[in-house]
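**Q** I'll drop the sequence and a predicted model, then ask my questions.
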Amino acid sequence: MISISALCHSQALSRSRLAFVPNTHRLTTLRVKLAGKSRARAYLNEKYCSKRCMLTSLAHVRTPNEIDMRKDAMKIIKSAIRAVDPYVAVRDRLRVEQNEGSSTLVVQRDGSEISYDLSKFDSIKVFSFGKASAAMASATAEILITSQLKLDGTVIIKDDHATSNEIETLQKYNIAVRAASHPVPDSRSLESANEILASASKSDSRTLIVVCISGGGSALFCSPREPLSLNDLIETNSALLKSGMSIDKMNIIRKRLEKGKGGKLAAASYPATVLTLILSDIIGDPLDLIASGPTVADESNWDDAIAIVEENGLDVGGEHELPMAVLKLLKMGRDGLVDDTPKTDNPAFSFNSATSTSFSENVLVGNNRAAVMAAADEAKQLGYNPVVLGTRVEGEASCVAGIYVNMADTLSQQRDHEISAEYQIGQLPVALIAGGETTVSLPPDCKGKGGRNQELALAAAIRMQEIGLRDVLLASVGSDGTDGPTDAAGAMVDGSTMKGIEDITSSLAKDALRNHDAYNFFSSGNDGSLIITGPSGTNVADICITLVR
C-alpha cells in the first residue's frame, strides 16, 4: 500500500494538510497457499481461489516508466488536495477590517466583495457541518474573534475528521464540537442538527450567523420532519446510496424530508443575517444542492422528487424501495397537502436594508475545478503535457474507466513513429486529468467492499491487461481521503497490476468487479494499489489522473 499521513493542523496560512510517505516495497516472490496465515492471503484463497495458485510480487515487473509515474501521480494528487485546503480557502476569502473604532467583515466573492458593518450586530454564531467543517470553522473563528463581538456556535464533524488543534481552537472560542456518522446519519446527527436549529431560531436581527458547509453535510446535519423518524431517514439514505444515483438527485429528495435542508436553516434563522461559506463537492457547484442547500432558496419541487423516485426504482416494489412513510410524505407533497421548501419569495432571501445585503448570502470558497487545475499545474512542472478533461465527469465507474484507458491507448500509439500525432489531444508524455464523481450501482444485499474510485481503478487494470497496455498509470482518489466504507482514498493501477500473476487472476479480478469487491482484491495483492491517506480535511469530489509515457 501507499501510505499518506495527515499532518496536524497548524495556524499558518501556508500549512500543508497532507504528507505523502510511500512504504518501502520488498521485491520478493510471494507464495499464497490455501492454508496461508496472512489475513489478506487467506482472504484471496478463500474468496477467489478454488485451487492453489502463486502470486508474484508485482513491483519487479513494473517498467522504469511505471515506477516513475507512481511517484509522479502521488505528487500530482498531493498538489490537488493542497489547493483545496478548507482552512486556507476560508482565510483567503474572509477578513475583518478595523477603521477608527469600527469593524467591517469583508467577504471576497468572485469579482466582487460583500461587506458587513459589524456595529449592526451584537453577536456572531458559527454553524458548520460537513467533512471539512472543523477546518472551515476554526479559520472562521480565528478571523471573527478580532471583531470583539460575542462568539459561539456548533460544529458537526464526521468521526475522526478533526485534528486536536482544530478542536482546541473551536472550544477556545466557545464553539461546541459534535461528532456524527457519515454517510448514513445516526442519533448524534439528529441531536446536533436540532441544536443548530434551536440556536438559529432564537436569533434576532442583531445576530450574524456564519454557516460553513462542505460535502457530507447532508448526513451530518440531519433532522427528520414530522411524521418521519430517524430510522426512516437512515433507510432512505441507504437506499439512495445503493441506487447509484448522483448526489444532486439524492439531495432533491433529502431536502424534502428534513427540517433544516432546502433553505430551511436560513428560514429558521430569519430575521438574523446569514453568511454561508461553501466548499463544493458536487459537479457544477449547484449551491442549492451542496449539503442539500440549507441556506439557499430551493429551485426543485415535490414533482421533481417523485420523478426521481420513479426513475430509480425507489417506489413500492422497486429494487431500492424507500420506507412507506417517506413515499407517503412525497406523494402528499405532490398533492399539495404539505408545505414545500422555501423559495426565493421567502423573507429569509429578501434584501436587508440594514446591512445592504440579502438576509442570506452564499459564497463558494472552493471546488473541484481548483483541485483539477492545481493537478494540471503540478503535472506540467513534472514534465507532462496536461490535458484537462473537465470537472463534470459522472457515470458508472467501470464505464468511465474504459474511456480513460482507451484514450490512453490512443495516446500511446505516438510511440510508433509511423503513426502521426497530428490529431492527438496531447503530445507524449501526457497527463489526463479529470474531476467529478462517478457512481456504482449496487444490487440488493451486495457483500462487496470498495468505493467508486477503487472500482474505477480495478476496471482500468482489467482493461489494460486485455489490450496489453504498458507505461500507462491511472490513479483515482476521493479528495476527502475516503472512498466508500473503507480506509482507502482510492487506488492506483498500471500495466503491471495484472502482470506476473497466473491467468486465474484475470477471472478473479472480473469476479471482484462484478461483486463490487475492489478493496479486498487490491489488499490481497499487496502490490501498493490501494492509496491510503486518512481524512484529508477537505471534500471537493474525486480526482482521476492518467499518465502516459
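**A** That came in fine, so what should we check first? Numbers count the residues shown, from 1 in each chain.
**Q** going forward, measure contacts and count neighbours with C-alpha atoms only.
**A** Will do.
**Q** show residues contacting the helix or strand containing residue 475.
**A** In this assignment (DSSP states H and E), residue 475 forms part of strand 472-478. Residues outside strand 472-478 that contact it (Cα atoms under 8 Å, 6 or more residues apart in numbering) are 66, 69-70, 73, 408, 453-454, 456-457, 460, 483, 489-495, 531, 539, 541-549.
**Q** listing partners with orientation, what would you give for it?
**A** Here strand 472-478 is paired, per DSSP bridges, with strand 490-494 (antiparallel), strand 542-548 (antiparallel).
**Q** ok, back up a step: just the buried ones from the contacts of strand 472-478?
**A** Buried by 16 or more other Cα atoms under 10 Å: 66, 69-70, 73, 408, 453-454, 456-457, 460, 483, 489-495, 531, 539, 541-549, out of these.
**Q** mean confidence score for the strand holding residue 475?
**A** Averaging pLDDT along strand 472-478 gives 98.
**Q** buried stuff in it?
**A** Of the residues in strand 472-478, 472, 473, 474, 475, 476, 477, 478 count as buried by neighbour count, 16+ other Cα under 10 Å.
**Q** go on, stretch 452-472?
**A** Within stretch 452-472, the residues that count as buried by 16+ other Cα under 10 Å are 452-465, 469-472.
**Q** strands - which of the residues you listed land there?
**A** Judged by DSSP state E, the buried residues of stretch 452-472 include residue 472 as members of strands.
**Q** about what we covered before: can you put the strands paired with strand 472-478 in a markdown table and add distance to residue 323?
**A** Output for the strands paired with strand 472-478, formatted as a markdown table (distance: least, Cα to Cα, whole Å):
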| stretch | distance to residue 323 |
| --- | --- |
| strand 490-494 | 32 |
| strand 542-548 | 30 |
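**Q** would you turn these into TSV with distance to residue 108 and mean pLDDT?
**A** Compiled in TSV, those are given as follows (distance: least, Cα to Cα, whole Å; pLDDT from 0 to 100):
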stretch	distance to residue 108	mean pLDDT
strand 490-494	33	96
strand 542-548	26	98
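**Q** so which of those strands gets nearest residue 79?
**A** Across those, residue 79 has its closest neighbour in strand 542-548 (11.4 Å, Cα to Cα).
**Q** show me how far the strand holding residue 475 is from its chain's centre.
**A** The chain centroid and the centroid of strand 472-478 are separated by 16 Å under Cα atoms, centre = their mean, to the nearest Å.
**Q** using PDB, list the CA coordinates for that strand.
**A** Written as PDB, here are the backbone C-alpha positions of strand 472-478 (Å, rounded to 0.1, in the frame of the first residue of the first chain):
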ATOM      1  CA  VAL A 472       0.300   4.000 -18.500                       C
ATOM      2  CA  LEU A 473      -0.800   4.700 -15.000                       C
ATOM      3  CA  LEU A 474      -4.200   5.600 -13.600                       C
ATOM      4  CA  ALA A 475      -4.900   6.900 -10.100                       C
ATOM      5  CA  SER A 476      -8.300   7.800  -8.900                       C
ATOM      6  CA  VAL A 477      -9.000   9.200  -5.400                       C
ATOM      7  CA  GLY A 478     -11.600  10.900  -3.300                       C
END
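**Q** that older thread, tell me which of the strands paired with strand 472-478 sits nearest to residue 433.
**A** strand 542-548 (4.9 Å).
**Q** what lies in contact with that closest one?
**A** If you take Cα under 8 Å, 6+ apart as the criterion, strand 542-548 is touched by 69, 73, 77, 368, 371-372, 404, 408, 411-412, 428-437, 453, 471-479.
**Q** can you show me the CA trace of it as PDB?
**A** In PDB, the C-alpha atoms belonging to strand 542-548 read as follows (Å, rounded to 0.1, in the frame of the first residue of the first chain):
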ATOM      1  CA  ASP A 542     -13.000  13.000  -6.900                       C
ATOM      2  CA  ILE A 543      -9.800  13.400  -9.000                       C
ATOM      3  CA  CYS A 544      -8.500  11.000 -11.600                       C
ATOM      4  CA  ILE A 545      -5.000  11.100 -13.100                       C
ATOM      5  CA  THR A 546      -4.000   9.100 -16.100                       C
ATOM      6  CA  LEU A 547      -0.300   9.300 -17.000                       C
ATOM      7  CA  VAL A 548       1.000   8.100 -20.400                       C
END
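**Q** quick revisit: the buried residues of strand 472-478 into CSV, with extra columns for distance to residue 317?
**A** Putting the buried residues of strand 472-478 into CSV (distance: Cα to Cα, whole Å) gives the following:
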residue, distance to residue 317
472, 45
473, 43
474, 40
475, 39
476, 35
477, 35
478, 33
